[in-house]
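Enquirer: Sequence and computational prediction follow.
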Amino acid sequence: MKFLFSKLSRNMRGFVIILTSIIFLMVALFTLVGFINKGANATRGVRVANLDIGDLSKEDAAQILEERVEEYKNSTFFIQTDGGEQIEVSPKSMGSIFDIDGTLNKAYGWGQNKNFVQNLFLKTSALLFKKHFPINIQFDNAILVHFITNTLSPIHYPAKNGTFVYNFDTKEFNFSDAKTGRVININDLLTKIEQNVSSLSEETVHVEQSGDLPLVYNEGADSAREHAEKIIASSDPYVIEGKKDSWEIENEDLITWIEFKPQLNKETNKYELAVKLSRIQIQNYLTSFAPGLNSAPTNAEFKMENGRVVAFSLAAPGYELSIAASAEKIASAVENMETKVALEFIETPPPITQESIDNLGITALLARGESNFAGSPSSRRHNIKVGSDKFQGLLIAPNEVFSFNTNLGPVNATTGYLPELVIKQNQTVPEYGGGLCQVSTTLFRAAIYAGLEITKRSNHSYPVIYYGTPGFDATIYPPNPDLAFRNNTPGHILIQHKIEGSNLIFELYGEDDGRQTEVVGPITYDRKSDGSVKATLQQIVKDGGGDVLFEKTFYSNYRSPLLYPVNRNPLE
């Protein structure tokens with residue numbers, strides 16, 4: 001028994017010695033790893049595309065890699081088939097896109113997380129075995145398709161099925177024979193290319209090549225040609241019907257849509273040629289018609305009647321052409337020689353209807369802003385109408401800040417504007433959208449009278465005749481200056497506008513919380529002979545009991561109009 005205890009004691013002492021040695025070695029190793037990595041920018045042993053980044057800052061590593069990548073993009077390597085054929089390619093020719101920043105973020109984060117033990121393990125493994133990070137890459141899809149279709153064509157040319165080609169001179173379908181092909185596994189090739197490119201390697205990429213047989217030689221050719229000839233020789237024209245208009249499909253368009261595709265015959269379990277109309281071609285065809293077929297939804301317009309907002313112009317839904325669904329419907333109809341087909345539309349409900357107004361609790365006319373643009377040229381009148389329409393039916397939620405420029409959108413010829421005078425860079429010059437300040441000024445006046453909180457407003461550089469006494473205007477020019485105000489009422493606000501003669505009117509509808517607005521001014525002062533002047537406008541907003549909620553004074557400083565000479569537009 002004494003011998004047994006003595007033996008166990010010796011074994012235990014041996015185990016303790018071994019365990020102590022392991023712990024000592026681990027502590028020593030971790031201490032060594034910490035010492036070696038001390039002062040390093042990244043974990044020692046971490047490499048990015050064979051670049052050791054341990055002593056490099058991220059900025060230096062990025063610069064070195066960018067230089068290497070730029071040089072590598074124009075280098076070349078070979079793609080070689082198992083039959084010995086090869087082509088020379090470059091990373092640039094396949095649309096390689098290198099994500100250096102993303103790769104470096106991962107590399108410099110190795111061993112840098114919050115877990116101390118895990119960090120030591122990661123740093124130790126990198127030090128002993130090296131940690132390699134390939135550069136993250138992607139491929140530009142358009143360039144990659146061209147690369148596969150054209151650059152790889154000497155070693156990758158899929159089989160071609162028998163088909164027909166229409167001859168517009170003889171007005172006949174001529175048969176084109178099937179051809180066998182040789183193909184490589186594109187997915188396998190791209191995986192190997194990615195491995196090469198991500199490591200900036202110029203090693204030869206080896207791929208297997210195999211034969212590719214046509215699905216169809218001439219099976220079903222006669223019946224397919226007969227079907228195609230019947231389609232284009234139909235006694236009745238093929239008619240496309242829209243919501244309002246209809247038109248006939250031109251024979252030249254119809255012919256370009258006809259394709260001959262292999263189709264499995266379920267009875268014989270073999271492929272035969274069949275007529276199919278190209279859905280893509282029809283979609284391209286419909287795309288050009290879509291703008292004339294689409295219609296925007298029409299909001300309901302309102303007026304006050306017996307203390308209630310009621311509709312005087314009913315809402316109407318909008319319609320947007322569903323190009324893909326319509327193309328499928330046209331193709332199917334023509335394939336079955338149905339000569340009339342109705343287009344598919346997606347209905348878009350208007351945001352403002354009588355029902356939505358009832359649900360939002362809009363019951364009162366809060367305020368009206370007016371301005372007069374008599375004497376404006378036709379182009380300015382046009383721009384005022386186009387600009388005002390951008391705000392018709394707009395809803396502003398409680399506490400939402402309204403931005404004039406954001407809701408106005410782009411101002412150019414494509415959005416319907418004409419060149420007219422604007423104040424820009426110390427000159428009065430013609431530019432698309434001249435006259436839009438008439439819209440912002442009128443809306444500013446409505447917001448003032450409604451007791452809304454104005455958060456952004458700028459006066460014009462000099463007094464403008466269209467706005468009357470200086471001090472009650474608001475200039476805009478996207479993106480700045482802007483007109484902005486906050487809906488500080490308890491409910492939604494609805495914007496409506498109308499033009500009566502030369503008067504522009506904006507009306508704000510919402511929930512009446514009893515507030516009253518007093519406007520003092522505009523009051524002008526410091527008027528000078530050169531036309532410069534200063535002005536103030538005070539907005540005092542009181543609650544239903546007459547207590548002041550807030551007040552604000554708007555200061556305007558107008559310079560002399562003589563400082564802004566008029567430059568005529570050479571395009572006019």
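Expert: Alright, I've got the coordinates.
Enquirer: Quick one: neighbours of the nearest residue to Ala327 once chain neighbours are set aside, just the number.
Expert: Excluding the flanking residues, the one nearest Ala327 by C-beta to C-beta, 6 or more residues apart in numbering is Ile282, at 4.0 Å. Just so you know, the C-beta spots here come from the backbone N, C-alpha and C atoms, and that holds for glycine as well. Taking other C-beta atoms under 10 Å as the neighbour definition, Ile282 ends up with a count of 25.
Enquirer: For Ile282, grab phi and psi.
Expert: Dihedral angles of Ile282 (phi, psi; degrees, to the nearest 10) stand at phi -70, psi -40.
Enquirer: OK, contacts around it?
Expert: Residues in contact with Ile282, defined by C-beta atoms under 8 Å, 6 or more residues apart in numbering, are Trp257, Ser326, Ala327, Ile330, Ala331.
Enquirer: The helix or strand harbouring the fourth one packs against which elements?
Expert: What it means is Ile330. Under DSSP states H and E, the secondary-structure element containing Ile330 is helix 323-335. With contacts defined as 3 or more C-beta pairs under 8 Å, 6 or more residues apart in numbering; DSSP states H and E, the packing partners of helix 323-335 are helix 251-257, strand 270-277, helix 279-293, strand 340-342.
Enquirer: Name the strands paired with the last one and say parallel or antiparallel.
Expert: Sheet neighbours of strand 340-342, with direction, are listed as strand 239-241 (parallel) (DSSP bridges).
Enquirer: Just the buried residues of the partner strand, please?
Expert: When neighbours are counted by 16 or more other C-beta atoms under 10 Å, the buried residues of strand 239-241 are found to be Ile240.
Enquirer: again with stretch 378-397
Expert: Buried residues in stretch 378-397, counted by 16+ other C-beta under 10 Å: 379-384, 386-388, 390-396.
Enquirer: Let's see which of these end up in helices.
Expert: When the buried residues of stretch 378-397 are checked against helices using DSSP state H, the ones located there are Ser379, Arg380, Arg381, His382, Asn383, Ile384, Val386, Gly387, Ser388.
Enquirer: Using CSV, list the CA coordinates for stretch 182-198.
Expert: What follows is stretch 182-198 as a C-alpha-only set of coordinates in CSV (Å, rounded to 0.1, in the frame of the first residue of the first chain):
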residue,chain,number,x,y,z
ARG,A,182,-16.3,23.3,-77.5
VAL,A,183,-16.9,24.7,-74.0
ILE,A,184,-15.2,25.2,-70.7
ASN,A,185,-16.8,25.3,-67.2
ILE,A,186,-17.2,29.1,-66.8
ASN,A,187,-18.0,29.0,-63.1
ASP,A,188,-14.9,26.8,-62.5
LEU,A,189,-12.8,29.2,-64.6
LEU,A,190,-14.0,32.3,-62.8
THR,A,191,-13.2,30.7,-59.4
LYS,A,192,-9.6,30.0,-60.6
ILE,A,193,-9.3,33.5,-62.1
GLU,A,194,-10.5,35.1,-58.9
GLN,A,195,-7.9,33.1,-56.9
ASN,A,196,-5.2,34.4,-59.4
VAL,A,197,-6.3,38.0,-59.5
SER,A,198,-6.9,38.4,-55.7
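Enquirer: thinking again about what came up before, and the least confident of the buried residues of stretch 378-397?
Expert: When the buried residues of stretch 378-397 are compared by pLDDT, Gly393 scores lowest at 79.
Enquirer: So, low pLDDT: which residues of the stretch 1-150 of the chain?
Expert: Counting by pLDDT under 70, the stretch 1-150 of the chain contains low-confidence ranges at 1-42, 114-120, 122, 126.
Enquirer: What segments of it are strands?
Expert: Using DSSP state E, counting those that start in this stretch, the strands found in the stretch 1-150 of the chain span residues 46-48, 51-52, 77-81, 86-89, 96-99, 131-133, 136-139.
Enquirer: which helices and strands does the last one pack with?
Expert: Counting contacts by 3+ C-beta pairs under 8 Å, 6+ apart, strand 136-139 is packed against strand 96-99, helix 186-198.
Enquirer: again, only this time at 10 Å
Expert: Secondary-structure packing of strand 136-139 (3 or more C-beta pairs under 10 Å, 6 or more residues apart in numbering; DSSP states H and E): strand 96-99, helix 100-108, helix 186-198.
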